[in-house]
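J.: curious how this folds, go ahead:
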Amino acid sequence: MESSLFEKTLKEKTKGIEEILAQYLPEEKGYQKTVLQAMNYSVQAGGKRLRPMLMQEVYRLFGGQSDEICPFMAALEMIHTYSLVHDDLPAMDNDEYRRGRKTTHIVYGEAMAILAGDGLLNYAFETAVKAFETAETEYMPRVARALGILGRKAGIYGMIGGQTADIEAEDSSSAISGEQLLFIHEHKTAALIQAAMMIGAVLAGASDDDVARMEKCAYNVGIAFQIQDDILDVIGDSQQLGKPVGSDAANEKQTYVTIYGLEKSGADVAALSEEAVSILRMTRSQAGVNPEAADFLEQLITELIHRNK
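T.: So this is what the prediction gives:
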């Protein structure tokens, strides 16, 4: 797909995801209005909408066509957003800007930001279970399995586990090992990308082997995405990124770049990207796979991994 056509298609798909998110966001009313406003402010801050887009495209890849995917797309973005709200808090990274806007705790205060994050996490699962309302009876086991994946990849054996290891590594006086860093990247970053691609495959009725391949592909995408994030924190442009660069160095945080250097980091991003694309191409050769979705996914993953913002 030509670059201009891809960018146009990407914008259209992102707009469609924004519309889906808007359908599931809570109405701002009642005595709890402030926390609902903070939740919506956080979700509506924009972003790549990478995770719901990957979920939707993998769903299309394996022939999925119904609306049961929509609640899961919204739920996953809510979970991702809550993690950012909490990540920005003074007790964590203490960031004042996210995606070019003031962070939730700066606008609404720390207490309300904590509640907004809690609210988004809980509301995400309340949203995801709405898939049972549209799923045909025979497909309900798929929805149940998808819920299990969402819970595990977002929880203590996924994103929260990775965040825990990250905080403890920052507080430790000893140097972090490459193995520890990969654990952090796998769980803190790759886990939700795995959730996206696995849930898309599960809801579309893909085989267990295909679901496992999507999990591996997503692992590569997640690790490469985070390494690229580490690289951009060193050589990126703060205006393009919408956040300050050099924060890792300022906080004396050990990253893939500080351990392995820029040259190896860049080479590893390329290798992980190549393997992820090869998995997609192998999947594309199967009967019943949507070639249009395969083409878009391949280009999306390549663009995201090698992004400059």
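J.: any regions of this protein where pLDDT drops low?
T.: Low-confidence segments of the chain (pLDDT under 70): 236-252, 309.
J.: mind running it again at 90?
T.: 1-5, 46-48, 65-68, 93, 98-100, 134-136, 169-176, 233-254, 284-288, 303-309 (pLDDT under 90).
J.: just the strands from it, written as ranges.
T.: 97-98, 101-102 (DSSP state E).
J.: from these, which stretch is densest packed?
T.: Comparing those by mean neighbour count (mean count of other C-beta atoms under 10 Å), strand 97-98 comes out on top with a mean of 18. Quick note: C-beta positions are derived from backbone N, CA and C, even for glycine.
J.: neighbouring strands - and their directions - for that strand?
T.: strand 101-102 (antiparallel) (DSSP bridges).
J.: give me the distance between the strand it pairs with and the centre of its chain.
T.: 20 Å (C-alpha atoms, centre = their mean, to the nearest Å).
J.: repeat for stretch 298-305
T.: Stretch 298-305 has its C-alpha centroid displaced from the chain centroid by 14 Å (C-alpha atoms, centre = their mean).
J.: need the contact partners of it.
T.: 1, 6, 10, 48, 50, 53-54, 57, 217, 221, 224-225, 228, 269, 272-273, 276-277, 280-281 (C-beta atoms under 8 Å, 6 or more residues apart in numbering).
J.: next up, the contacts around Gly203.
T.: In this structure residue 203 is Leu, not Gly. Leu203 makes contact with Tyr59, Gly64, Glu68, Ile69, Phe72, Ala131, Tyr139, Arg142, Val143, Ala146 under the criterion C-beta under 8 Å, 6+ apart.
J.: in this structure the second one contacts Ile199, no?
T.: No: Gly64 sits out of contact with Ile199 when judged by C-beta atoms under 8 Å, with a separation of 10.4 Å.
J.: higher neighbour count, those two?
T.: Neighbour totals were compared for Gly64 and Ile199, and Ile199 leads with 33 against 23 (other C-beta atoms under 10 Å).
J.: how about the more buried one: what's its closest non-neighbour residue?
T.: Leaving aside its sequence neighbours, Ile199 sits nearest to Ala146 (C-beta to C-beta, 6 or more residues apart in numbering; 4.5 Å).
J.: distance check, that neighbour against Ala111.
T.: According to C-beta to C-beta, to the nearest Å, Ala146 and Ala111 sit 33 Å apart.
J.: give me the more crowded residue out of the two.
T.: Ala146 (26 against 10).
J.: next up, the contacts around the closest residue to Lys13 other than its chain neighbours.
T.: Using C-beta to C-beta, 6+ apart and skipping residues adjacent in sequence, the residue nearest Lys13 is Met53, 6.1 Å away. Applying C-beta under 8 Å, 6+ apart to Met53 gives the contacts Lys13, Thr14, Ile17, Leu300.
J.: farthest pair in the residues you listed?
T.: The widest separation within those, taken as C-beta to C-beta, falls between Ile17 and Leu300 and amounts to 12.5 Å.
J.: can you give me the helices for the stretch 1-150 of the chain?
T.: 3-24, 33-43, 50-61, 69-87, 104-108, 110-128, 131-134, 140-154 (DSSP state H, counting those that start in this stretch).
J.: same question, the stretch 201-309 of the chain
T.: Using DSSP H, counting those that start in this stretch, helices in the stretch 201-309 of the chain cover 208-235, 238-241, 247-250, 256-284, 291-305.
J.: sounds good, over and out.
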